[in-house]
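Novice: Here you go, sequence then predicted model.
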Amino acid sequence: MSATLSTHVLDAVNGTPATGVEVTVFSQTGAGSDGQPVGSGTTDDDGRVPGLVPDGLDRGTYRIVFATGSFFERAGVRAFYPEVAITFVVDEDRHYHVPLLLSPFAFSTYRGS
């Protein structure tokens, strides 16, 4: 089995793609585990990371971590969350999309398509 993964980060305050956000995907290997990195990259001008997990994802639990603190720091914006971590389950051989709507004091996500 091999599923694919994409993400899209949007700056909800400015209504624009969030460029330059570092993103890392971890495979969760057990309860309470920090996991092993399986892919990483930085959002492009459209807020996306091409080839985020080049080898695909097997069945299991994963965590995608967005380095939001450094993104806001570069913009000169004080923010509450230094990172956003979203844990999700891969249980089918399909494409998974994990978008992030971001502001300095809130974030939102959903299971995309």
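Specialist: That came through, no problem.
Novice: C-alpha only now, for contacts and for neighbours.
Specialist: Will do.
Novice: middle-most residue in this protein, spatially?
Specialist: Closest to where the C-alpha atoms of the chain average out (Cα atoms, centre = their mean) is I64, at 4.5 Å.
Novice: hang on, that one packs against V25?
Specialist: Yes - checked against Cα atoms under 8 Å, the pair I64 and V25 is within contact range at 4.4 Å.
Novice: Do a quick rundown of the strands in this protein.
Specialist: Along the chain, counting by DSSP state E, strands occupy 4-11, 16-17, 22-27, 36-42, 60-66, 84-90, 95-103, 106-109.
Novice: buried set for stretch 37-52?
Specialist: V38, G39, S40, G41, T42, T43, D44, G47, R48, V49, L52 (16 or more other Cα atoms under 10 Å).
Novice: Okay, now the unreliable bits of the chain?
Specialist: 1, 29-33 (pLDDT under 70).
Novice: coming back round to it: now the strands of the chain in CSV, with distance to R78?
Specialist: CSV is the format used below for these (distance: least, Cα to Cα, whole Å):
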stretch, distance to R78
strand 4-11, 14
strand 16-17, 18
strand 22-27, 18
strand 36-42, 21
strand 60-66, 16
strand 84-90, 15
strand 95-103, 10
strand 106-109, 12
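Novice: for those strands, which one sits closest to V77?
Specialist: Of all the strands of the chain, strand 95-103 sits nearest to V77, with 9.9 Å by Cα to Cα.
Novice: What residues of that closest one count as buried?
Specialist: Under the neighbour-count criterion of 16+ other Cα under 10 Å, strand 95-103 has Y96, V98, P99, L100, L101, L102, S103 buried.
Novice: Pull the residues that contact that strand.
Specialist: With Cα atoms under 8 Å, 6 or more residues apart in numbering as the test, strand 95-103 has contacts from 3-13, 90, 107-113.
Novice: For the buried ones among these, write the corresponding PyMOL selection.
Specialist: PyMOL command restricting the contacts of strand 95-103 to the buried ones, with burial defined by 16+ other Cα under 10 Å:
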select buried, resi 3+4+5+6+7+8+9+10+11+12+90
